[in-house]
Each structure stands twice: as structure tokens, then as C-alpha cells.
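> Here you go, sequence then predicted model.
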Amino acid sequence: MTGTTRIDAFLEILADGPRERTCVFNPWRDSDDRDRAPRREMPKLRRENMRAYLEARARSARFLLLGEAPSHRGCRFTGIAFCSETELAHKPALVARRPLALTSLDAATKPQRERSAAVIWGEIDQAGAAFDVVLWNAFPWHPYRPATGGDEVVMTGPCGPMSNRRPRLTEVVDGRRALAALLACFTHPLEIFAVGKVAEEALARWPEFPCAGYMRHPAQGGEAKFRDAFRQAIASRL
């Protein structure tokens, strides 16, 4: 199987999505009113973004940072884990070797921005590791909070596709096949680092993917600890 065929197989898994689709947005298949026109074409553009991202790293990647799940401001619009439209707009040469598409409705004037993506790409840029590191999630699709709880109880706080939630254990199971297909896209084995507890717990259940180490997720006050861990585990080795 050629590299192109492996990427095709991987993208097919992403587009197919998880078995349970309730309160899950699939960036590589779905679209909604937050996408620019023509909406139905945006999932294809996000698949092409992912293809370009992988092609740029197929022969050079050495490390994989495995996070939890996409957020509603990042991969949901770019198709690339831990990457928002701000990175595509302001650091395009770090993300891929050809132009990538912005797919949000207001991308031309206000590209989507995600804080965790900014922290991670800032460290990658500083280390000169753009094409040494691959970013991914244990559950690749975007899980969001339902608008109502049990017995039609109205949920408080953000809900619907503009919210985030921790993926359930039964959902994360579907990320195993996607991770295997992703790793097959590279010419060399990758060292996998868990970024956050969801990823750490997933790798503990997936013995075929040895965990090389743990990094604190940069969200919710974890920026400093993530930076320290990244610099010690990866930047110091480049």
C-alpha cells in the first residue's frame, strides 16, 4: 500500500465517523450554519487540509502528541488536531507545504482561535519542530454537550455544537482504529506522548501503542506544565 493509499484509507475512517453519533460533530463529514458557503463542500476541504498536513510529515515525523478530542474552535473547522484557523492564517508554513482552506463563516475577517492550539504551536515553532511532531486526539471527532439533560432538564452553560465535552469511554474506543490508520501514514515509527488524562487512559487500554510519556494538557491552567514537559521530552532532543 502506498503512502497516498494509506492516507486515503485514514481519511475514509475519519469521514465514516464513530459508531455513536449522538452529540458528535464530524469535521470531515458534517457541516452546519457556522460553515461558509457552500457548506456541503467544507468537509471535503477539511479532509484535504488533513491530507496536506500528513503529506508534509510522512517522512519526517518522529513524535505524536495525543490529546483528548477536538474543540468547537479548532479541528472542527480546520480538520487538523490542535489547530485552529489562526494557525492556518498566521503560521501556514508550519502546518503544511501548500495552502490550506479556512472553512468558518467569518474566517475572512475573524478566523477561529483556540488557546490550546496557540500554546502547542508556539512551542512547536520555538523548537523548530513543525515537521517532527504530529498532533492527534484519542477521540478524533468533536463531542459536544446536549441541549437538555435527562427528562428534558435544560442544561446550564454552553451546549450544542458550540460547546465541548469529555468523550465517554465507549466513544474513545472508536479512536483506536483511527490511530492505527494514522500511524500507518508515516515511514518511521512515532513516539507517542499522552497530552491529558483521557489520552493517557486510552493508551493504557491500547497496548499496541506504547506511551512514551505524559504531558499535562494546556487547557484549564495547564499551560506552564505542558510547556515544561514538551521542552524536556521533545524540544531538548531536536
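Received the coordinates, thanks. Residues are numbered from 1 along each chain as shown.
> Where does the prediction get shaky in the protein?
By pLDDT under 70, the low-scoring segments of the chain are 148-159.
> At which residues are the helices of it located?
Per DSSP state H, the chain has helices spanning 3-16, 42-55, 75-78, 85-90, 92-95, 115-127, 169-172, 175-183, 197-205, 223-233. These are given in chain order.
> Any idea which of those gets closest to Ser104?
The stretch from the helices of the chain with the least distance to Ser104 (Cβ to Cβ) is helix 75-78; that distance is 4.8 Å. In this view, the C-beta of every residue, glycine as well, is placed from N, C-alpha and C.
> Nearest the middle, which residue of the chain would you pick?
Central residue check for the chain by Cα atoms, centre = their mean: the C-alpha nearest the mean position is that of Ala81, 1.7 Å away.
> Return the distance of that one relative to Met1.
For Ala81, the distance to Met1 equals 23 Å [Cβ to Cβ, to the nearest Å].
> and the helices of the chain, which is most packed in?
Ranked by average neighbour count under the criterion mean count of other Cβ atoms under 10 Å, the helices of the chain are headed by helix 75-78 at a mean of 30.
> Tell me which residues are up against that one.
Residues from elsewhere that reach helix 75-78, judged by Cβ atoms under 8 Å, 6 or more residues apart in numbering: 25, 27, 34-35, 46, 49, 70, 81-85, 87-88, 100, 102-104, 107, 112, 137, 142, 161.
> If any of the residues you listed are buried, put those into a ChimeraX selection.
Typed into ChimeraX, the line below selects the buried ones among these, using 16 or more other Cβ atoms under 10 Å:
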select :25,27,34,35,46,49,70,81,82,83,84,85,87,88,100,102,103,104,107,112,137,142,161
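> on that earlier part again, quick check: chain neighbours aside, which residue is closest to the residue nearest to the centre of the chain?
In space, Ala81 comes closest to Leu135 once its chain neighbours are excluded; the distance is 4.4 Å by Cβ to Cβ, 6 or more residues apart in numbering.
> What count of nearby residues applies to that neighbour?
Using other Cβ atoms under 10 Å, Leu135 is surrounded by 23 other residues.
> How about the contacts made by it?
If a contact means Cβ under 8 Å, 6+ apart, then Leu135 has Leu64, Leu65, Gly67, Ile80, Ala81, Phe82, Cys83, Ile120 as its contacts.
> ok, what's across the strand from the third one?
Looking back up the chat, that one is Gly67. On the basis of DSSP bridges, Gly67 takes part in beta bridges with Asn137.
> Relative to Val134, how far out is it?
Here the criterion is Cβ to Cβ. By it, Gly67 lies 11 Å from Val134.
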